[in-house]
Every structure is written in C-alpha cells, then in structure tokens.
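[1] Need coordinates for the below:
(2 chains)
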Amino acid sequence: MIVLYLYPFASSIYGSFVSDQGIVTLQFYETAIINYKADILFSLEVSLLSTAISAVLSILMAAYLRLTSRRIARFFNSLYRIPLFIPFVVIAQMMRTFLAPHGLLNVFLAQFGLINLETPLQLFDWKGLTIGFVWKQTAFMTLMTLGGFTMIKDEMIEAARSVGASVLRVVWSIMVPIARTIIVVALILTFASNISTFSLPYMFIGGSVPTTMTVDIAHRVMYFRDWGTANALGVISYIIVFAAAIYYMRYMVGRESYG
Amino acid sequence: MALCFAIFGAITGIVLWSITIAWYWPHVLPQSIGLDYWLQVLGFQRSWSLGAVSIVDSFYLSVIIALIVVSLAMLIAIPAGYVLAKYSIPLRGAILLLFLMPQAFPQQPIFINLMLTFYRLNLIGTIPGVVLAHLMASLVYAVWISSAAFKSVSPDLEEAARSVGASKLKSFLHITLPLAAPGIIASSVFVFLYSLDEFTGTFFIGLPFITTLPMLLYSASGFNMQFASATAIVLLIPSIAFMVVIERFLKAEYISGMGV
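    Next comes the predicted model:
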C-alpha cells in the first residue's frame, strides 16, 4: 500500500517541483497555469455547478422520501439508486446517445415542438458534462442525505409543522442543519469526484476546448511526455480538493456558533 | 415522472442503439432494428462494419483481472480488517485514512506517476500491472467494509468459543468468519465491480496491450454507436444485478453509520 500509493503520491508532488536536471523550479507550474488556466477554471466551474445542482436535487429528493410514507416512495427508493451502480464510462456512452444533436433528448423535445430539429440543442460541452455528473452524483448524494434525514426524529418535524411551518421551511431550517455533517461529507466527496473524473470528460468532450484538467493531464503525459507539468496540474487539483474540504468544513462548523 | 424520464431516458438510448440497424434523424425510433449487432458483438457473426470488435476477449480479460483483484484484495483485507477491528493499534485512524485516500483524492495523478514507476519495472501493458493498479484503489472497499463487518461480530461469541477450548484459528474460522461473511461478500462484490468498470488506471497502465471492457467501450464509442451501446449494456448488467441483490441490505440508515 505504501509503495503503491504513497510513493506515486509523493513523487507526483516531487515531480512537479523538480525539473529533469534535478533543480527545484516552478517552471512546471508556470507552464501549467499559462497553458491551462482556462481549463482549470472550467474544471472548477463545472464541478462546483454540478455539485451544487446535485446538492439541491438530492436534498429535495431525500426530504420527499423521508417525509412521505406512500408506497410510491419505496418505488422511488429503488429507482433513484440506479445511477449509483453505473460506471462513468457507461454514463459517458449513454449521454452520447441521449444528448446528441439528434439523440433521444432532442428528438423527444422536438416532438413537443419545444425545439426545432434543424437547430438542436448542442449539449456536447459543459452543459452535457454537468448533466452527466448530476445524473450520477445526485443518486449518491441522495443516499447519504437520506441517511442523515432518517436519523431525525419524527417528533421534531411534527413540532415544526404544528407551529405552522411550511414543508420547504421545515426542510431548509430544520432537517438540513441537523443532517449537515453528512451533507457536508457528501458535498466534499462529490466535488472531489467530479473534479478528478477522467473517463466522462475524455469520452464526452475530449477534443474540445475548454476541457477539464484531467484531460489535460492525460494529453501532457501521452503526447508530450511532460510529467512535470502533468504533476503540477495534479497538485493543483489536490490543492483545490483540499481547500474545498477545509472550506466546507469550516463553513458548516462555523454556522454552529451562530446557532 | 420527470425522474423516471431522466433515469430511464438515458438508459433507453443505449438499449435502442444496441438493437438498431439503421437510425437516422428525424425519426424518433430506429427505422430498422435487429439483433445483428448483438450477434457481431458477441462474436457469433463476422462483422464488416467500421470499428468492429468482438467483445468476448475483452470480456474474459476484464473478468479474469477482476477475479484476481478480488482474491488478492480479500487476502489482504480479511486479516487487515480483522486486526483493525479487534485490536486497538496506534495509528488506526491514519491507516484507515491511508486506504481511503485513493478514492477520496484525485486518482489520475497517482496513476500517471505509477505509470512512470511501472515503466522501469516493465509492468506497463501487462496484467500484473493493471491488477496492482486496481488493487491500490479498491483496497479501501475491501478493508473498510471487512473491518466494519468484523466489528459487528460480538467479541463474546469468540470468547465463548475459546473458553470451550477452541484454538484462536479455529474460533476465527468457525465463528467470526461466517458471521462476518455477508459484509465480506459485499466488499468482494464491490471490489469486483470496481475492477470491472475501472477506466482511468487501466487507460494509463494497460495501454496498449490490455484492453478491458471499459477501454473497448471508449474506443468503440468513436466509431460505431451500436457496438458502443451493446458494450455499455454488457458492462451495465453485473452492476444492476448486484444492485438488485444488495437492495435489501443497503438501507440508507446503515450508510449514515459507516466509517471509522
């Protein structure tokens, strides 16, 4: 484990700072930032956006599943978990058929006259990528959030309802704060997963500009043999994930003091 | 309703494409369908189309690699999980965290550096290389879940066995292991599925010789929608099957309690 993981991890950091001649340098970071600044921002934006959308959707879905006791809820319970088990590569292929200019989504919308098939929705860019991420990660986040919500006692919810709180208010002001630790963990894991995915962006938008950092890392290694810059990009992604984790933790724990 | 469409709509796409022979827009459904492409994909028929591949070889390769990974992972995880569960060793938290990192942190930089190391060790494009890469990332599932499984076995039971004279090994084999079996089996399946679906690591370490099913999906998706879709479905099946089976065990309440 040490060999398989810590060594490459350490060498990725080391390799980003030390050039071939063995001199400590920041040139790789320069190259990385100059060439790929747009892509770094792109990765960040897409990951943040998909994480945010997933979070909202999953909170709503988990709240619905928690608060309803109809039998339909059990059907949904199984339904929403499907994306959880589907690997990213399969999702990439699915999105290629579904979101293509004349794929199912566009043709479907055209049947209702919502779009004109001569100018279909072009989704093979950040929009499609976001859709792919949201499709997969919402299931994961709902699972975690529902776990958090299930621990909330019924009495608390009833108490809030009995003083006249609307459902949305109950969800936002009562349930989410109580489950916030789990929600924060889910947010961090989802964000980290989104920003470090290689398969989905590579298969989906591999050639276009801008693209994600992961695709750039692959290009750097495969075509330029430039491990230094690739590692620099990698370390930047570590920093982003780490910073996001710290930010979320601080933010969520910080709210407690205003409790 | 929207949820159904969202989830099934995407899946329908690949199902329809896999049975398509000709499908040009603006038709909503394929113009002609047939199982021809399935037969070609499964190797029963020769194919003349561009980008044709037989997935049989890749399928066997993927499955074999996955089985090897599971065996090795379990070999490591069962003792490791047991030790982590039963004995309070120092740095226990750190060790668990170490196993978690490959999944929580960006994986790709790790794989590319591993690629560099494997070059020198001549492991690129070989099965052992790919197995090691998969192992590194999936040991977390094996160790964490096994550790949780062993933890749930009450120590009283083991003590009871010991007190009637069973040796440590015997009590482990006959009492602890069977009781922890569901968790251990669940973790094996997780590792199996992970290895089967793994793309990033296999891409960097396995190319150009090792072509697992996800790699095939990637290369087919550029050329041939039907092949790609059929391959995607074949990849889907083990995961969905597992999901149906574990549906009864994966209650949301348990997730909230998982972890250290």
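
[2] Quick one: the strands in the stretch 1-150 of chain B, in order.
    B:20-22, B:32-33 (DSSP state E, counting those that start in this stretch).

[3] By mean pLDDT, show me the worst of those strands.
    For these, mean pLDDT drops lowest on strand B:20-22, to a mean of 50.

[4] Give the buried residues for stretch A:91-110.
    Neighbour-count burial for stretch A:91-110 flags A:91-100, A:103-107, A:110 (criterion: 16 or more other C-beta atoms under 10 Å in any protein chain shown). The way it works is simple: take the backbone N, C-alpha and C, and place the C-beta from them, glycine included.

[5] Please name the nearest non-neighbouring residue to the closest residue to chain A within the stretch 1-150 of chain B.
    Using C-beta to the nearest C-beta, the closest approach of the stretch 1-150 of chain B to chain A is made by B:Pro109 at 2.8 Å. Nearest residue to B:Pro109 in three dimensions, chain neighbours excluded: A:Gly234, at 2.8 Å (C-beta to C-beta, 6 or more residues apart in numbering or on different chains).

[6] next one: the helix or strand where the one you found lies to chain centre, how far?
    Using DSSP states H and E, the secondary-structure element containing A:Gly234 is helix A:227-254. The chain centre lies 14 Å from the centre of helix A:227-254; the measure is C-alpha atoms, centre = their mean, to the nearest Å.

[7] Show the contacting residues for A:Ser193.
    Counting by C-beta atoms under 8 Å, 6 or more residues apart in numbering or on different chains, A:Ser193 touches A:Gln137.

[8] element containing it?
    helix A:180-196.

[9] buried ones in that helix?
    For helix A:180-196, by 16+ other C-beta under 10 Å, it's A:180, A:182-196.

[10] swap in stretch A:227-245?
    Neighbour counts over stretch A:227-245 (16+ other C-beta under 10 Å) mark A:227-238, A:240-241, A:244-245 as buried.

[11] same question, stretch A:214-230
    A:214-221, A:226-230.

[12] Out of the buried residues of stretch A:227-245, flag the one nearest to chain B.
    For these, the minimum distance to chain B (C-beta to the nearest C-beta) is 2.8 Å, reached by A:Gly234.

[13] follow-up on the earlier one: what is the rounded mean pLDDT of the helix holding A:Ser193?
    The average pLDDT for helix A:180-196 rounds to 83.

[14] next helix or strand past that helix?
    From helix A:180-196 onward toward the C-terminus, using DSSP H and E, the following helix or strand is helix A:199-205.

[15] How about residues contacting whichever helix or strand comes after that following helix?
    Per DSSP H and E, the first helix or strand lying C-terminal to helix A:199-205 is helix A:213-224. Under the criterion C-beta under 8 Å, 6+ apart, residues A:35-36, A:39-40, A:43, A:195-198, A:201-202, A:205-206, A:226-227, A:229-230, A:233-234, A:236-237, B:106, B:108-109, B:112, B:115, B:203-204 lie in contact with helix A:213-224.

[16] Just confirm the residue nearest to B:Pro109 contacts B:Ile112, I think it does.
    Yes. A:Gly234 lies in contact with B:Ile112 (C-beta atoms under 8 Å); the separation is 7.4 Å.

[17] shaky segments in the stretch 151-260 of chain B?
    Applying pLDDT under 70 to the stretch 151-260 of chain B flags residues B:222-224, B:246-260.

[18] swap the cut-off to 50 and go again
    B:252-260 (pLDDT under 50).

[19] Could you do chain A as well?
    In chain A, residues with pLDDT under 50: A:21, A:256-259.

[20] which residue is nearest the centroid of it?
    A:Asn194 (3.6 Å; C-alpha atoms, centre = their mean).

[21] what sits against the nearest residue to it once chain neighbours are set aside?
    Leaving out its chain neighbours, the residue that sits closest to A:Asn194 by C-beta to C-beta, 6+ apart is A:Ser47, at 4.0 Å. Residues in contact with A:Ser47 (C-beta under 8 Å, 6+ apart) are A:133, A:191, A:194-195.

[22] Helix or strand: which one has A:Ser47?
    helix A:27-67.

[23] what separates A:Gln122 from chain B, distance-wise?
    Going from A:Gln122 to chain B by C-beta to the nearest C-beta, to the nearest Å gives 14 Å.

[24] Quick one: residues contacting that residue.
    A:Pro101.

[25] Then A:Ala62?
    A:142, A:145-146, A:148-149.

[26] What is the nearest of those residues to chain B?
    Of all the contacts of A:Ala62, the one with the least separation from chain B (C-beta to the nearest C-beta) is A:Leu146, at 4.2 Å.

[27] what about the helix or strand harbouring that closest one, distance to the chain center?
    If you go by DSSP H and E, A:Leu146 is part of helix A:126-150. In terms of C-alpha atoms, centre = their mean, the centre of helix A:126-150 is set 8 Å apart from its chain centre.

[28] List the buried residues in whichever helix or strand comes after that helix.
    Once helix A:126-150 ends, the next helix or strand along the chain (criterion: DSSP H and E) is helix A:154-162. Residues A:157, A:160 are the ones in helix A:154-162 that count as buried (16+ other C-beta under 10 Å).

[29] hmm, helix A:154-162 in reach of chain B?
    No. Helix A:154-162 is not in contact with chain B by C-beta under 8 Å from any C-beta of the partner chain; minimum separation 14.3 Å.

[30] Can you tell me what sits against the helix or strand following that helix?
    Going down the chain from helix A:154-162, the next helix or strand is helix A:167-169, by DSSP H and E. For helix A:167-169, the surrounding residues in contact (C-beta under 8 Å, 6+ apart) are A:63, A:67, A:160-161.

[31] Closest to chain B out of those?
    Using C-beta to the nearest C-beta, the contacts of helix A:167-169 come closest to chain B at A:Ala63, 12.8 Å.

[32] Can you verify my assumption that that closest one contacts A:Ser173?
    No. Under the criterion of C-beta under 8 Å, A:Ala63 makes no contact with A:Ser173, lying 12.0 Å away.

[33] Which one's more surrounded, these two?
    In this view A:Ala63 and A:Ser173 are compared by other C-beta atoms under 10 Å in any protein chain shown, and A:Ala63 has more residues nearby, 23 against 12.

[34] Contacts only, for the residue lying closest to that one once chain neighbours are set aside.
    Once flanking residues are discounted, A:Ala63 sits nearest to A:Val171: 4.4 Å by C-beta to C-beta, 6+ apart. Counting by C-beta under 8 Å, 6+ apart, A:Val171 touches A:59-60, A:63.

[35] Buried residues in whichever strand or helix holds B:Leu169, which are they?
    Using DSSP H and E, B:Leu169 maps to helix B:168-171. With burial defined by 16+ other C-beta under 10 Å, the residues of helix B:168-171 counted as buried are B:Ser171.
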